[in-house]
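>>> Next input, structure requested:
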Amino acid sequence: MSRGKMSLGLALTSAVVIAVALAASLATTAGARPSASEASTADVAGAKAQIAKYKAIPTFTFRGKPFNAKKASGKTIFAIPISSAIPYIVQTDQLMQKAVKPYGVKWIEFPNQGQPSQWVQGMNQAIARKVDLIVLQGAPPPQLLGPQLAAAKRAGIPVLLAHIIDPSEPVPAGVTVAVPGPFQQAARLEADWAIAQTNGKANVLIITSDEVLPTTGIKKALAAEFAKRCPECKTKYVNVPVVDWATKIGTEVKSALTADPDINYIIPIYDSMAFFAVPAVTEAGKAGTVRIATYNGTPDVLKFIAANNVVDMEVGENLDWLGHAFGDAAMRILTGQKVPKKLNEQTPLRVFDASNVRQTGNPPKFSQGYGKAYVVGYKRLWSGK
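So this is what the prediction gives:
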């Protein structure tokens with residue numbers, strides 16, 4: 001796989017592409033990093049407290065009812081990722097498969113290139129094979145699979161939607177169970193970082209992809225956090241569709257830095273956007289004054305932090321933890337447990353910066369730096385004791 005394809009693929013993380021038209025917010029200029037004597041009335045202390053809280057190694061907080069996961073033995077999961085060209089998504093599927101394999105669960109992965117017609121084909125194939133559970137991981141948008149979801153329901157096949165809605169958002173129609181992800185909390189931490197690092201004088205360029213499902217909530221969370229902790233901070237949003245990242249992010253960043261030389265932070269809401277934003281900042285001669293805070297935990301982006309190369313903060317997620325969480329939800333369904341329509345497995349976030357990025361490995365790895373509490377926790381739950 002080429003670096004371009006890998007970089008672009010990683011950006012989706014757990015997002016899905018649907019048509020949504022959103023308006024952009026415009027902003028004016030603000031000062032560069034201020035001295036302590038120039039501090040605003042912003043809640044810098046509150047922002048710093050949130051960052052400090054999330055820099056710690058996360059604990060296992062999910063309190064699901066224990067059950068005997070071995071009762072899922074012989075059942076079959078049919079997994080349809082949003083695209084097999086996205087390493088972040090593919091590895092999560094692999095780790096979910098690894099988590100359920102010791103309990104005798106069979107796994108069928110449906111490789112695809114992210115085309116809606118392929119998702120439809122995958123659903124039809126799963127129904128024809130009479131599998132026990134369909135998993136949309138990452139995830140093919142349920143809004144585009146209405147007839148297939150209805151057919152799965154008629155066939156008695158439950159559908160698990162993994163990591164595409166925030167805990168605050170409703171479960172899409174046609175889905176049996178959804179495991180949400182903390183997208184909006186990640187956004188609040190990105191805002192907190194910019195506020196804290198600029199002493200309440202943040203002037204931020206926020207790069208979005210408005211057609212990606214979680215983006216709407218992420219934008220609202222960013223706006224709310226800035227309004228709450230730093231109403232004097234300046235923000236400007238620029239929308240770059242996923243298909244245009246490689247060709248347009250760099251141009252948009254350089255144009256924004258030229259138009260407003262006082263921009264001091266960039267927030268690409270999905271971290272693989274940084275592959276195109278970092279060179280643009282450097283080429284604009286702004287590497288010393290413009291920094292990047294982002295979200296996902298992609299190893300190659302963590303490398304930027306380790307090298308002090310423009311990116312100075314990453315809100316990361318542990319893919320192995322996600323694999324265990326999705327596996328837990330799947331096996332609860334397969335063993336006939338009573339499962340709420342929205343099952344919040346409380347998968348955590350961890351803030352990485354120069355002080356702790358080495359804990360992700362050298363070089364960084366997807367699932368390193370989060371501790372192992374989840375392994376012990378899920379093993380206990382699945383023992384039925």
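>>> Okay, helices next: where are they in the stretch 251-385 of the chain?
Under the criterion DSSP state H, counting those that start in this stretch, helices of the stretch 251-385 of the chain are mapped to 274-283, 299-306, 319-334, 373-382.
>>> Quick one: closest of the ones you listed to Leu95.
Comparison of the helices of the stretch 251-385 of the chain against Leu95 by CB to CB identifies helix 319-334 as nearest, at 3.0 Å. The C-beta positions use only the backbone N, C-alpha and C, and glycine is treated the same way.
>>> related to what we said a few turns ago, just tell me which of the helices of the stretch 251-385 of the chain ends up closest to Ser117.
That would be helix 319-334 among the helices of the stretch 251-385 of the chain, by CB to CB, at 25.1 Å.
>>> list the buried ones in that closest one?
Buried residues in helix 319-334, counted by 16 or more other CB atoms under 10 Å: 319-334.
>>> for those residues, which one is nearest Leu222?
Nearest member of those to Leu222, counting by CB to CB, is Leu322, at 22.7 Å.
>>> ranges for the strands of the stretch 201-350 of the chain?
Secondary structure of the stretch 201-350 of the chain (DSSP state E, counting those that start in this stretch): strands located at 203-208, 234-239, 265-268, 291-296, 311-316, 350-352.
>>> Can you tell me which of these is most buried?
Most buried of the strands of the stretch 201-350 of the chain by mean neighbour count (mean count of other CB atoms under 10 Å) is strand 265-268; its value is a mean of 28.
>>> what ranges do the helices span in the stretch 101-250 of the chain?
Using DSSP H, counting those that start in this stretch, helices in the stretch 101-250 of the chain cover 116-128, 146-154, 183-197, 215-229, 245-259.
>>> To Ala307, which of those lies closest?
The closest of these to Ala307 is helix 183-197. By CB to CB, the value is 18.0 Å.
>>> got the contact list for the closest one?
Under the contact criterion CB atoms under 8 Å, 6 or more residues apart in numbering, helix 183-197 has outside partners 33, 42-44, 46-48, 50-51, 54, 166, 168, 202, 204, 214, 217-222, 224-226, 229-230, 233, 264-265, 267, 269, 291, 293-295, 312-313, 315, 349, 351.
>>> List only those of those flagged as buried.
Applying a neighbour-count criterion of 16+ other CB under 10 Å, the buried members of those are 33, 42-44, 47, 50-51, 54, 166, 202, 204, 214, 217-219, 221-222, 225-226, 229-230, 233, 264-265, 267, 269, 291, 293-295, 312-313, 315, 349, 351.
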